[in-house]
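[1] Got a predicted structure plus its sequence, pasted below:
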Amino acid sequence: MKIQDLGKKIDAYQRLMRLDKPIGILLLLWPTLWALLVAGHGKPDWMIVLIFATGTVLMRSAGCVMNDIADSRYDGLVERTQYRPIPGNEVSKKEAYVLAAILSLLAFGVVNLLNALTVKLSVLALFLAITYPLTKRFFAMPQAYLGIAFGFGIPMAFAAINGYIPPVAWLLLLANVFWAIAYDTEYAMVDRDDDLKIGIKSSAITFGRFDVVAVMICYAITLVLLALAGCWLKMSPAYYSGIATATGVALYHYVLIRKREKVNCFRAFLGNNWFGLAIFIGLAAHYFTTLRG
């Protein structure tokens, strides 16, 4: 293979893994970092943090490849996805299967550096990642399933640091489910017309003309659940300043999506990085002030 051809193939692989679009990695990483901070009482083992960060990148990449394999019949029919590597014949399905297997094995190898409970949970996390693309065929709210898949790093983080999963971990996971419904509905609003044509299910279709209201309700539930988690954990006002900032982000997203313009709906989706960051900074500020005190 010529150097030029090799370069094109590597570029196609990294686009297949969405390494050129890191928003998915960030949306997967933020709730995991929340959990690591809480489980480690503000001082998580940095080796465990590094393992989770590496595993997040690997599993997100594997999930994208699996998603494109499952959607290969449909991506060529959707405006936004028609130029992805598989429908564009830059990567064959066989190559995609091999890449997904390698990424999954690498992720499993990284997780094996942790305790037995975390390794067991990683098997369930892999199952969620593999099966999520299939839910778009029959489940009216695949975004809820995505929220579980994207938030499963939360119980895994508690298991890795503490050796068990406390009730607050499930509360944080539930908050992540509603957050995922909110941000992925914004994403689905971009593809709604195409999804209707090809028969793909999404929350944007299920909510119909109440989509904007539903997104804002999901943001509200997310923020309430995060506040309840703060009460449970006896968080300081510093944490709630993070929630207040995230509330501002959510309100700005209402401004963006209220007219259902595709460009602004996608901008709102991308803006959820700031929502997740705001909660993380609130948690970090809490532990910084309390540990210093």
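    Right, received. Where do you want to start?
[2] Could you pull up the mean pLDDT of stretch 29-47?
    When pLDDT is averaged along stretch 29-47, the result is 97.
[3] surely Arg80 meets Met189?
    No - in this structure Arg80 lies outside contact range of Met189 using C-beta atoms under 8 Å: 11.8 Å. C-betas here are computed from N, CA, C, even on glycine.
[4] Those two: which is more packed in?
    Looking at Arg80 and Met189 with other C-beta atoms under 10 Å, you find the greater number of neighbours at Met189, namely 26 against 13.
[5] Which element, helix or strand, includes the more buried one?
    helix 167-198 (DSSP states H and E).
[6] That helix: which residues count as buried?
    168-169, 171-192, 194-195 (16 or more other C-beta atoms under 10 Å).
[7] what does the helix or strand just after it contact?
    Sequence order places helix 203-207 as the next helix or strand after helix 167-198, per DSSP H and E. Contacts of helix 203-207 with the rest of the structure, by C-beta atoms under 8 Å, 6 or more residues apart in numbering, involve 140-144, 181, 184-185, 188-189, 191-192, 195-196, 211, 213-215.
[8] Give the buried residues for the helix or strand where Ala96 lies.
    Counting by DSSP H and E, the element that carries Ala96 is helix 93-111. Under the neighbour-count criterion of 16+ other C-beta under 10 Å, helix 93-111 has Glu95, Ala96, Leu99, Ala100, Leu103, Ser104, Leu106, Ala107, Phe108, Val110, Val111 buried.
[9] what's the answer for stretch 31-47, then?
    Of the residues in stretch 31-47, those with enough neighbours to count as buried (16+ other C-beta under 10 Å) are Pro31, Thr32, Leu33, Trp34, Ala35, Leu36, Leu37, Val38, Ala39, Gly40, Gly42, Pro44.
[10] and if you look at stretch 214-226?
    Neighbour-count burial for stretch 214-226, with 16+ other C-beta under 10 Å as criterion, is recorded at Ala214, Val215, Met216, Cys218, Tyr219, Ile221, Thr222, Leu223, Leu225, Leu226.
[11] I'd like the residues you listed laid out as TSV, including pLDDT, distance to Ala159 and secondary structure.
    Output for those, formatted as TSV (pLDDT from 0 to 100; distance: C-beta to C-beta, whole Å; DSSP: H, G, I helix; E, B strand; the rest coil):
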residue	pLDDT	distance to Ala159	secondary structure
Ala214	98	32	helix
Val215	98	31	helix
Met216	98	33	helix
Cys218	98	27	helix
Tyr219	98	28	helix
Ile221	98	25	helix
Thr222	98	23	helix
Leu223	98	26	helix
Leu225	98	21	helix
Leu226	98	21	helix
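[12] for the residues you listed, which one is nearest Ile161?
    Each of those was checked against Ile161 using C-beta to C-beta; the closest is Leu226, at 19.7 Å.
[13] How about the contacts made by Met235?
    For Met235, the contacting residues are Leu283, His286, taking C-beta under 8 Å, 6+ apart as the criterion.
[14] Over to it: give its phi and psi.
    Met235 has phi and psi values of phi -70, psi 150 when expressed as degrees, to the nearest 10.
[15] which ones are touching Leu196?
    By C-beta under 8 Å, 6+ apart, Leu196 lies in contact with Ile205.
[16] try it again with 6 Å
    With contacts taken as C-beta atoms under 6 Å, 6 or more residues apart in numbering, Leu196 has no neighbouring residues.
[17] Inside helices: which ones of the buried residues of stretch 31-47?
    Cross-referencing these against helices under DSSP state H gives Pro31, Thr32, Leu33, Trp34, Ala35, Leu36, Leu37, Val38, Ala39.
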